[in-house]
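1. have a look at this fold, sequence not included:
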């Protein structure tokens, strides 16, 4: 059952990712990306990480991709689409991509057994997930957390500065 | 039957590779951006999967950091796209390869 | 696989669907009736007694109406957009508790589709997807009015969603849970335990942000008929338009239900001695009160201008929401023993905040007025 | 010696012989064509004493030379008088041409365009000489006397193609028009004299406007940039923040919920910020002036209801007043009082429509319905007096259509008691609302100078600080006989808020006037005793053959007016509503021109919109209160 579910989700994720990468129409590309995020979010739920799943939807689908959509519509989809002349680059890209996929597959699959026991303790990750994540985030990872918030602040200021300036 | 963790590894690797191919293949800066998001997403998936199989939540915590980085990157990146489009009227990465303003 | 559980879910889901759709239908009737009373009119009185069959007539009309798809529209997205809106609107209600556990045929059934531990986050996440329907509908119509409506709504929803989430955080901090069921239980048994008394500012901010989220007057800029003809749904007709319409009204029910759950004790009766099985009735009454407020506002207020809306969201609402969270955090840190004095500290903090807000708004509006006057003069 | 006489002396000193005509107080002076710009500039400076050109139109003296005369109506605010200038139009290269006065008075812009559109008179130096009411590729000049009167065939699906192919603006239609030489235009018009061979078929000959006939369909912003106010705003647009180096052109209207009719605004947008706006009118043009010129005065009166349909009685009154001026008849006092009451009710109804619809445009729906409810009660009174709710045609040359009904005073009194409360209610819900204030205050500020220069009158001018109300300053009807206690409200802000509040408060002043007129209404006849204008009473017809014949003649042929010209204006809810009439002594007006306040005011709207948002534009349109029937006619 769960393998079947995983299979369906994995196929969906791969299809949406492929459609996004090859999209001619930018709005369609953005939508495929949203679909991809949604599929991954469902996958997180099956991995007993509901908090990550909803944050994934809220942050990625609800904010980041809307921003993409906003930019695409603001500038105008027609103005953003152009003929991409790639020539020989396409071949190199495919070869390199396949090469990378191979390397990653070999490394990750061979490393996976060391990841830990696949015996699951439901009570550990189940109901208390939010509290656990929160506790970890604000105790052990407090410094990275603060660093991340500073990063966000910097990004915000940077974006405002970039958007405000008349000419680059 | 639970899903073996290798399956997640394979899926993650494939998604990541797709992101890489997207970056290499496409010249539209917005698609390139989304491909980068895809790569980050693949990494996230692996984090959560490994965390699940190790019965710890550290992996999930890392996802938040990755998301923070992604959000910052998008904010800056899209502001750059706007600024570039203003001055150059294009979103082709090859046309904006120089550092001159 | 527990088939009995699955069956229970399906039955509950169908009941919620039916309730939401009837609720939507009679909400439109109620709105017309109430607004007509406010405007010295009679309102619907032809279809059935008191016009009660009007929603039915409307539905029949919309179903049989010709569906137009503009020639240059992106057809797939054009059709998908209202569906997305509708689905998202329906999804939200899944986690809202509308009553206590009851015994049906010897089986204990909670009056909630799914009590998930991240319920509130789920609501925020799903409602943040609602924007896609509007934006895509506006974009796919290939119409300038629709595009402007879509752009307006995306900017508006992103701005007010922040406030919406932050306004709810105070309650979450006080109750220490994201599960809506537990939040309701934390507000048992008498009405003075309702979180609205601990979080008056949070409540106020939530209500304002919620009106903006569902594009109701005075924040109905994305569909301002006088400016953008009808905004994102200018090109829509027939059932596709009806889906957008339904989504808007069901979202109204949703945000009202969230407000009730988070601040007004959810389905709990106002007094402890009232039996718990009356919960759904109280829930209905509280949601109804909210919807009446929505209608009242619509009949009274003119529409904000776009820059005023943005200013209000970013310069007034957002700082207040952040301040609310900070004050709540300080109050919780300061309380000597859990449970004691929280009441006092948070209430005082909130009162201070309300005063601050009033002062802030005053100074902001007069300052902006002066700025504009200076700009005009120069 | 009055100011007009002084002015005429000054004109004679400048230009030698200036032939003048005087008719019942209407003074007109014939000025040499090449001197008109100089004359207008001279009269409009402070020494000249005149302040505004209220109207520009032309008269076609078919078969004489010069064929056309352009007529200018000048108004003096300080001296409270009018002067009409006339100019014989010489032919330049076969095209009747006069210099444009837009340099001296920009507000003549649309009036000159209309005259060009209707008569084919070229105005040299006009910044934007395009057709304004007719379609841009229309190939004829319809107000010329030799333009044949026709009728509009209704196009059904089975014959639509055929009918459209006959239209003058299609290529086939043009070809056909060239073929049909057999039709003598004069035969259709019914003119007595044979047509002058020089002008044969002249209504058909297309005149190249300045810069050549535009080939493209519709208006573009290149056209717009040449217009005065728009040219100004396009300069400021350069300095504005333009994120993408380009702007979007959006059509608002002609089918749009907020344009109060079929007004089309071509807007250039930078995001949601307006860079330029160009109003395009004429979608409701039905040739009312042409129609009136082919009907007897009484029948022509019914056309006036159909123009300013939000305040039809003011159109009736302006028309009747002009005819009365031509005829020089006395209107009995009772009729005058009744007219005052009805006109004020009409003003209340029009201002209510304005207040309601402008609140509606800002998104407040309740005040709209409250106002409409209150307005319906005015219609109830109109129905009581005339049997019609809207197109009453109740005010007629010489008096009223028939006597006031019983219960009129009670109905009016009830309404006057009721309406202040309703106005308070509308005012309260809006004025006390910070959103409404934010939306309207400092939005669309029209300066006093601009209001004067662009021929703006009425409430819009008053809210910009122009202290001028015809009811007080150039009184007509009972306004000059009775000292009605009312205030002419003037505000100085000139913004949308001022325009809104001023109109709303004018309702209270109207109530005051109507109340005083109602209290003091004298008994008497409702119609003048002049048998040349008024029919004999019914009881007399029953016993007198002569009366019957007279009655018959009056209703079939109509009354005749002495030859001459007259211009008469009333203070309508949208500014000065005037009629210019040229009579050739027959029972039909030879030339009848309606000067609408809304028409003149609308051309000043592009001045105030630059840098505003679309939402502001909606508020501004509403505050201009355009009634397209009155603008397009």
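-> Yep, it's here. A quick note: this is a predicted structure, and the numbers were derived from the prediction, not measured.
2. is chain C contacted by stretch D:498-505?
-> No. Stretch D:498-505 is not in contact with chain C by Cβ under 8 Å from any Cβ of the partner chain; minimum separation 11.4 Å. No exception for glycine: its C-beta is placed from N, CA and C like everyone else's.
3. for residue C:179, see how far away the residue of chain D found nearest chain C is.
-> Closest to chain C within chain D is residue D:363: 2.9 Å, counting by Cβ to the nearest Cβ. Applying Cβ to Cβ, to the nearest Å, the value for residue D:363 to residue C:179 is 39 Å.
4. so the two - more neighbours on which side?
-> Each of residue D:363 and residue C:179 has its neighbours counted (other Cβ atoms under 10 Å in any protein chain shown); residue D:363 has more, 26 against 20.
5. for residue C:154, see how far away the residue nearest to that one when sequence neighbours are not counted is.
-> With Cβ to Cβ, 6 or more residues apart in numbering or on different chains as the criterion, residue D:363 has its nearest non-adjacent residue at 2.9 Å, and that residue is residue C:303. Residue C:303 is 18 Å from residue C:154, where distance means Cβ to Cβ.
6. what does residue A:110 give?
-> 45 Å.
7. please identify which of these two sits among more neighbours.
-> Taking other Cβ under 10 Å, residue A:110 and residue C:154 do not tie; residue C:154 has more neighbours (24 against 11).
8. ok, is the helix or strand containing that one in contact with chain B or not?
-> Here residue C:154 sits within helix C:144-175, counting by DSSP states H and E. No. If you take Cβ under 8 Å from any Cβ as the test, helix C:144-175 misses chain B, and the best it gets is 12.1 Å.
9. which non-adjacent residue is nearest residue D:88?
-> Leaving aside its sequence neighbours, residue D:88 sits nearest to residue D:66 (Cβ to Cβ, 6+ apart; 4.1 Å).
10. wait, a strand at that neighbour?
-> No. In this structure, residue D:66 is coil, not part of a strand, as judged by DSSP: H, G, I helix; E, B strand; the rest coil.
11. my guess is it contacts residue D:86. True?
-> No. Contact status for residue D:66 versus residue D:86: not in contact, 10.9 Å apart, counting by Cβ atoms under 8 Å.
12. when those two are compared, which one has more neighbours?
-> Ranked by neighbour count (other Cβ under 10 Å), residue D:66 and residue D:86 place residue D:86 first, with 20 against 13.
13. the more buried one pairs with what?
-> Residue D:86 forms beta bridges with residue D:30, residue D:71, as assigned by DSSP bridges.
14. quick one, what contacts it?
-> Going by Cβ atoms under 8 Å, 6 or more residues apart in numbering or on different chains, residue D:86 touches D:28-31, D:69-72.
15. now render those residues as CSV, adding neighbour count and pLDDT.
-> Listed next are the contacts of residue D:86 as CSV, based on neighbours: other Cβ atoms under 10 Å in any protein chain shown; pLDDT from 0 to 100:
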residue, neighbour count, pLDDT
D:28, 23, 87
D:29, 23, 87
D:30, 18, 87
D:31, 23, 86
D:69, 23, 89
D:70, 25, 91
D:71, 22, 91
D:72, 25, 91
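16. which of the residues you listed sit farthest apart?
-> Farthest pair in these (Cβ to Cβ) is D:29 and D:70. Separation: 12.9 Å.
17. now do the residue in chain B that chain D sits nearest to against residue C:70, distance only.
-> Residue of chain B nearest chain D, by Cβ to the nearest Cβ: residue B:86 (6.1 Å). Plainly put, residue B:86 is 30 Å away from residue C:70 if you go by Cβ to Cβ.
18. which element is the residue positioned nearest the centre of chain B on?
-> The structure's chain B has its C-alpha centroid closest to residue B:37; by Cα atoms, centre = their mean the separation is 2.2 Å. Assigned by DSSP H and E, residue B:37 belongs to helix B:29-54.
19. and that helix, how far out from the chain middle?
-> With Cα atoms, centre = their mean, to the nearest Å as the basis, helix B:29-54 stands 6 Å off its chain's centre.
20. name the helices or strands packed onto that helix?
-> Here helix B:29-54 touches helix A:2-21, helix A:26-46, helix A:65-75, helix B:5-25, helix B:58-88, going by 3 or more Cβ pairs under 8 Å, 6 or more residues apart in numbering or on different chains; DSSP states H and E.
21. and those helices as TSV, adding distance to chain C and mean neighbour count?
-> Listed next are these as TSV, based on distance: least, Cβ to the nearest Cβ, whole Å; neighbours: other Cβ atoms under 10 Å in any protein chain shown:
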stretch	distance to chain C	mean neighbour count
helix A:2-21	11	17
helix A:26-46	6	22
helix A:65-75	5	21
helix B:5-25	21	23
helix B:58-88	12	20
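22. quick one: which of those is nearest residue D:315?
-> Distance to residue D:315, taken as Cβ to Cβ, is lowest for helix A:65-75 among the helices and strands packed on helix B:29-54, at 47.3 Å.
23. the closest one vs helix A:26-46, what angle?
-> Here the directions of helix A:65-75 and helix A:26-46 differ by 180 degrees (axes from the mean of the first three to the mean of the last three Cα atoms, to 10 degrees).
24. ok and the residue in chain C nearest chain D?
-> residue C:303 (2.9 Å).
25. check which helix or strand covers that residue.
-> Assigned by DSSP H and E, residue C:303 belongs to neither a helix nor a strand.
26. mind listing what it touches?
-> Contacts of residue C:303 (Cβ under 8 Å, 6+ apart): C:217-221, C:224, D:362-364, D:435, D:439, D:615.
27. chain A: which of these is nearest?
-> When these are compared for distance to chain A (Cβ to the nearest Cβ), residue C:221 wins out at 15.6 Å.
28. how many neighbours does the closest one have?
-> Around residue C:221 there are 26 other residues, counting by other Cβ under 10 Å.
29. so the residue nearest to it when sequence neighbours are not counted versus residue C:135, what's the distance?
-> Nearest non-adjacent residue to residue C:221, counting by Cβ to Cβ, 6+ apart: residue C:152, 5.2 Å away. Look at residue C:152 and residue C:135: by Cβ to Cβ, they are 10 Å apart.
30. repeat for residue D:570
-> Computed as Cβ to Cβ, the residue D:570 to residue C:135 distance reads 52 Å.
31. residue contacts, the residue minimising distance to the centre of chain A?
-> The centre of chain A sits closest to residue A:37, judged by Cα atoms, centre = their mean, with a distance of 6.0 Å. Residue A:37 makes contacts with A:56-57, A:60-61, A:65, B:41, as judged by Cβ under 8 Å, 6+ apart.
32. and if we set it to 7 Å?
-> Contacts for residue A:37 (Cβ atoms under 7 Å, 6 or more residues apart in numbering or on different chains) come out as A:56, A:60-61, B:41.
33. can you redo these as a markdown table with secondary structure?
-> Listed next are those as a markdown table, based on three-state DSSP:
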| residue | secondary structure |
| --- | --- |
| A:56 | helix |
| A:60 | helix |
| A:61 | helix |
| B:41 | helix |
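34. show me which pair in those residues is furthest apart.
-> A:61 and B:41 (11.3 Å).
35. more crowded one of these two?
-> Each of residue A:61 and residue B:41 has its neighbours counted (other Cβ under 10 Å); residue B:41 has more, 26 against 23.
36. that one: what's its closest spatial neighbour, skipping adjacent residues?
-> Nearest residue to residue B:41, sequence neighbours excluded (Cβ to Cβ, 6+ apart): residue A:40, at 5.9 Å.
37. give me the pLDDT for that neighbour.
-> Residue A:40 carries a pLDDT value of 90.
38. same deal with the one 10 residues further on?
-> What the model reports for residue A:50 is a pLDDT of 82.
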